[in-house]
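**Q** could you work out the structure for the sequence below:
(one chain, ligands or ions: 3)
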Amino acid sequence: MDIDIGVIRGRNIVIEGEVRSATVFIRDGVIFEIKPYHTKLLKEWNILFNDEGMEEEIVIMGGLVDCHVHVNEPGRTEWEGWVSATNAAAAGGVTTICDMPLNSIPVTTTYQNLLDKIDSMKGKCRVDVGLLGGIVPGNAGEIKKMVTEGGVVGFKSFLVHSGIDDFQAVRRDDIQKAMDVMKELQQQHKDVVMMFHAEVPEPIDEMESVVKDMDPRVYNTFLTSRPRKAENLAIDLVIDMAKQNQVKSHIVHLSSSDAIKALEHAITVDKVPITAETTFHYLFFVSEEVPDGNTLYKCCPPVRENENKELLWQALQNKTIAMVVSDHSPCTPNLKLLDQGDFMKAWGGISSLQLGLSIVWTEAKKRGIPFSIMSQIMCDEPAKLVNINDRKGSIKVGRDADFVIWAPNQSFTVDQSTMLVKNQYSPYHSSKLYGKVQLTILRGQVIFRHDQTVEEYKNTPTIGQRVVPTRVHSSPHYPNPFLPSIDLLNSLEQDDFFASIHLLFELAPVLAEKVYQARPFSSYEALVQKAEEIINNLEEAMKLPVINAHPRIGLNPNETLSSLSYQEQGNHNENQLDPEIVKVYKELAELNEQYEKKFGFKFVVFVNGRSKAEIVPVLKQRLLNTDPIAELNLGLSEMIEIAYSRLKKLLP
Ligand SMILES: NC(=O)NC(NC(N)=O)C(=O)[O-]
Ligand SMILES: [Zn+2]
Ligand SMILES: [Zn+2]
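**A** Numbering: from 1, shown residues only. Ligands and ions are numbered 1, 2, ... in the order given. Predicted structure coming up:
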């Protein structure tokens, strides 16, 4: 059957930590094969990009993931909005953003407010969007539903006044309540990251008397008012709570280099589940050069000294700081008080969403930082942070076909009037940057071309979707994975080989190793036949780990399901809170327990589209068998049936 195959070909493609020439194949918006550069292309395939004639100029990376963006819709849509923010993101090579729970109205601190936000984005997004919930005093009761039914990719809280009154700061006891809920979610593999604006108020309050007589137009006044100690103490607090609770935590927009040592020790020595990001502005600007009165440079925590910037770069290169994001936090020009130039009263937040790749690259190239690190800090690490890295991140078979195609040696002078955000004022105006985005591709579709007029651009369809935390093991959201072609499979290294055939069999090592040793295969059918032969020739004791690798049927939150078995069991279209469903789950759990007690191994059946209720009598019937060996072989033959049925789904 003719399938729409998209192709991207380039000499400098960043693929899993290295830059190489390759041809990438795309189907249904997903990368399903990566082959050598000169692979023969069929004429009916859709050549999305081929760097022929510009090999030396072009680099191709996975679409950037910016997990710190204040879109501010619904509500403060005069500050920003879905259309303008995602237009700017696409023009900057960003294919996924995560929206912060403030400064929208309402703030995203309840399940209902989350639904309002989801409604507000429908049909307006040019890139994919993950939503972050907010933790504020007293809303711990909202967390679970926002995760399990709302699909938030993480939570954000402030340890200091957030800049708006409807998003209150939290104290230690509020954080503890939220972490207690996150620990419950950990039991179901549904926990998500807790992000913190890490400044505490006390050191800031102490500086009030010091700065009150200083000139508010001078940047140093503002810098003095937000001392590093405010960040350092906040980060110590978060490290302590993340260590005590073992809940995945994250420091947003780190600016104080004083805190790097504490973070490094926590991460590398104490193995605390904590990460940190910094932002474009802390890596590009220095306080010594901020012009008096230019409040466009104001953000909290503040841009600090040159020496601080260099320490942040070092921390980024030694991975203490894992990623770089925008903290795009725009507002209307009047709130920046540009006429008064009052840093103390102006809105804190910098607009930069469209420029991140160029800002970071302009500084990175001076430091000899390779493209592979650019991809790691701007694609892979942010995607991992919010549990979407099976779909999003650097270029890899099975991930969404998201790409940024850019010219690192091309330079340009920032003209804020060309920014696609709603309020175009930016402190980057007139800066000379390197790295020009040529093309942005989202799930196999071109969403930005540098040679398009803004009108043409704005008339192209908005295909952005909401992304939810997806783990290959337990999520119906993961797009159907694909098997690579059989010749690619034969050439894969062991790990990738296992990852691919894991889609056919819930993999027991003994089976995997023997199948791996039996390659090359002429076809997948031949592979499954060989697997069946291997299984039949195993002595009985070795058959047990094979059948026990398969997940039980029914709801076992503590058991990870492959996305295929999750779907085969029908979980993706069941409301697990429906009393009828709950009753069937309970009955299956009891029958599974009886079966395993009687036979000593798991019950496996080829569901083949039947509901769980229809499986109950089958399990009861199988329980009556009296010959354990015959039952074991029956279960294994069901596994082979499942493998053949998966072939039909996974092969073109
Ligand atoms: N309410 C905000 O948008 N605050 C943001 N403002 C900044 N960074 O100055 C932030 O991330 O804290
Ligand atoms: Zn913040
Ligand atoms: Zn922010």
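
**Q** need the CA coordinates for the longest helix seen in the chain. CSV is fine.
**A** The longest helix of the chain (DSSP state H) is helix 628-650. C-alpha atoms of helix 628-650 as CSV (Å, rounded to 0.1, in the frame of the first residue of the first chain):
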residue,chain,number,x,y,z
PRO,A,628,0.9,-27.5,33.9
ILE,A,629,3.3,-28.2,31.1
ALA,A,630,0.6,-28.2,28.5
GLU,A,631,-0.8,-25.0,30.0
LEU,A,632,2.7,-23.4,29.9
ASN,A,633,3.1,-24.3,26.2
LEU,A,634,-0.5,-23.0,25.5
GLY,A,635,0.5,-19.6,27.1
LEU,A,636,3.6,-19.4,25.0
SER,A,637,1.8,-20.2,21.8
GLU,A,638,-0.6,-17.3,22.7
MET,A,639,2.5,-15.1,22.9
ILE,A,640,3.5,-16.1,19.4
GLU,A,641,-0.1,-15.3,18.3
ILE,A,642,0.3,-11.8,19.8
ALA,A,643,3.7,-11.3,18.0
TYR,A,644,2.1,-12.2,14.7
SER,A,645,-0.8,-9.8,15.3
ARG,A,646,1.6,-7.0,16.2
LEU,A,647,3.4,-7.5,12.9
LYS,A,648,0.3,-6.6,11.1
LYS,A,649,0.1,-3.3,13.0
LEU,A,650,3.7,-2.4,12.9
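
**Q** which other helices and strands contact that helix?
**A** Counting contacts by 3 or more Cβ pairs under 8 Å, 6 or more residues apart in numbering; DSSP states H and E, helix 628-650 is packed against helix 524-537, helix 540-548, helix 563-568, helix 579-599. Where you see a C-beta, it was placed from the backbone N, CA and C, and this is true even at glycine.

**Q** got CSV for these, with mean neighbour count too?
**A** Listed next are the helices and strands packed on helix 628-650 as CSV, based on neighbours: other Cβ atoms under 10 Å:
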stretch, mean neighbour count
helix 524-537, 17
helix 540-548, 17
helix 563-568, 20
helix 579-599, 15
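
**Q** among those helices, which gets the worst mean confidence?
**A** Note on those: helix 563-568 shows the lowest mean pLDDT, a mean of 65.

**Q** now the strands for the stretch 101-250 of the chain?
**A** For the stretch 101-250 of the chain, the strands defined by DSSP state E, counting those that start in this stretch cover 128-134, 154-158, 193-197, 249-251.

**Q** relative to ligand 1, which of these is closest?
**A** Among the strands of the stretch 101-250 of the chain, the nearest to ligand 1 by Cβ to the nearest ligand atom is strand 193-197 (4.9 Å).

**Q** near ligand 1 at all, that closest one?
**A** Yes - Strand 193-197 reaches ligand 1 (Cβ under 6 Å from any ligand atom) through His197.

**Q** now that strand: buried residues?
**A** Val193, Met194, Met195, Phe196, His197 (16 or more other Cβ atoms under 10 Å).

**Q** report the buried residues of the longest helix of the chain.
**A** Quick answer for helix 628-650 (16+ other Cβ under 10 Å): 631-633, 635-636, 638-643, 645-647, 650.

**Q** that one vs helix 524-537, what angle?
**A** Counting by axes from the mean of the first three to the mean of the last three Cα atoms, to 10 degrees, helix 628-650 lies at 170 degrees to helix 524-537.

**Q** secondary structure class for the closest residue to Ser255 other than its chain neighbours?
**A** Counting by Cβ to Cβ, 6 or more residues apart in numbering, Ser255 lies nearest to Pro301, which is 4.0 Å off, once chain neighbours are set aside. The three-state label given to Pro301 by DSSP: H, G, I helix; E, B strand; the rest coil is coil.

**Q** what about stretch 282-296, average pLDDT?
**A** Rounded mean pLDDT across stretch 282-296 is 98.

**Q** contacts only, for the closest residue to ligand 3 within the stretch 401-550 of the chain.
**A** Going by Cβ to the ion, ligand 3 is nearest to Val421 of the stretch 401-550 of the chain, at 14.9 Å. By Cβ atoms under 8 Å, 6 or more residues apart in numbering, the residues touching Val421 are Glu80, Ser84, Ala85, Ala88, His328, Pro330, Ser351, Leu353, Gln354.

**Q** other residues contacting the longest helix of the chain?
**A** Contacts of helix 628-650 (Cβ under 8 Å, 6+ apart): 480-483, 503-506, 524-525, 528, 531-532, 535-536, 540, 543-544, 546-547, 550, 564, 568, 599-606, 608, 622, 625.

**Q** stretch 7-17 too?
**A** 19-26, 34, 37, 41, 45-52, 55-56, 58-62, 371-372, 374-376, 394-396, 401, 403, 405, 441.

**Q** what comes up buried for that stretch?
**A** Buried residues in stretch 7-17 (16+ other Cβ under 10 Å): Val7, Ile8, Arg9, Gly10, Arg11, Asn12, Ile13, Val14, Ile15.

**Q** and what of stretch 55-71?
**A** In stretch 55-71, counting by 16+ other Cβ under 10 Å, buried: 57-71.

**Q** same deal with stretch 312-329?
**A** 312-313, 315-316, 319-329.

**Q** which pair in the residues you listed spans the largest distance?
**A** Lys319 and Ser329 (25.8 Å; Cβ to Cβ).

**Q** and the closest residue to Cys125 other than its chain neighbours, how many residues sit next to it?
**A** Nearest-residue entry for Cys125: Gly464, 2.8 Å, with adjacent residues in sequence omitted and distances by Cβ to Cβ, 6+ apart. Neighbourhood size, Gly464 [other Cβ atoms under 10 Å]: 24.

**Q** can you tell me how far Gly464 sits from Val83?
**A** 10 Å (Cβ to Cβ, to the nearest Å).

**Q** thought Ala512 was touching Phe498?
**A** Yes - counting by Cβ atoms under 8 Å, Phe498 is a contact partner of Ala512 at 5.0 Å.

**Q** related to what we said a few turns ago, now cross-check the buried residues of stretch 312-329 against ligand 3 and list the overlap.
**A** Asp327, Ser329 (Cβ under 5 Å from the ion).

**Q** and which of the buried residues of stretch 312-329 is nearest ligand 1?
**A** Taking the buried residues of stretch 312-329 together and measuring to ligand 1 by Cβ to the nearest ligand atom, the closest member is Ser329, at 3.7 Å.

**Q** ok, and the closest non-adjacent residue to the closest one?
**A** Gly349 (2.9 Å).

**Q** on that earlier part again, for the buried residues of stretch 55-71, work out which two are farthest apart.
**A** Glu57 and His70 (33.8 Å).

**Q** what's the weakest-modelled helix or strand in this structure?
**A** Least confident helix or strand, the chain: helix 563-568 with a mean of 65, by mean pLDDT, DSSP states H and E.

**Q** need the three-state assignment for the residue nearest the centre of the chain.
**A** For the chain, the residue sitting closest to the mean C-alpha position, by Cα atoms, centre = their mean, is Ala383 at 2.6 Å. Three-state assignment for Ala383 (three-state DSSP): helix.

**Q** hang on, the earlier thing: ligand 1 versus the residue of the stretch 401-550 of the chain closest to ligand 3, what's the distance?
**A** Applying Cβ to the nearest ligand atom, to the nearest Å, the value for Val421 to ligand 1 is 14 Å.

**Q** which parts of this protein belong to which domain?
**A** 61-378+414-430, 486-650 (the TED database).
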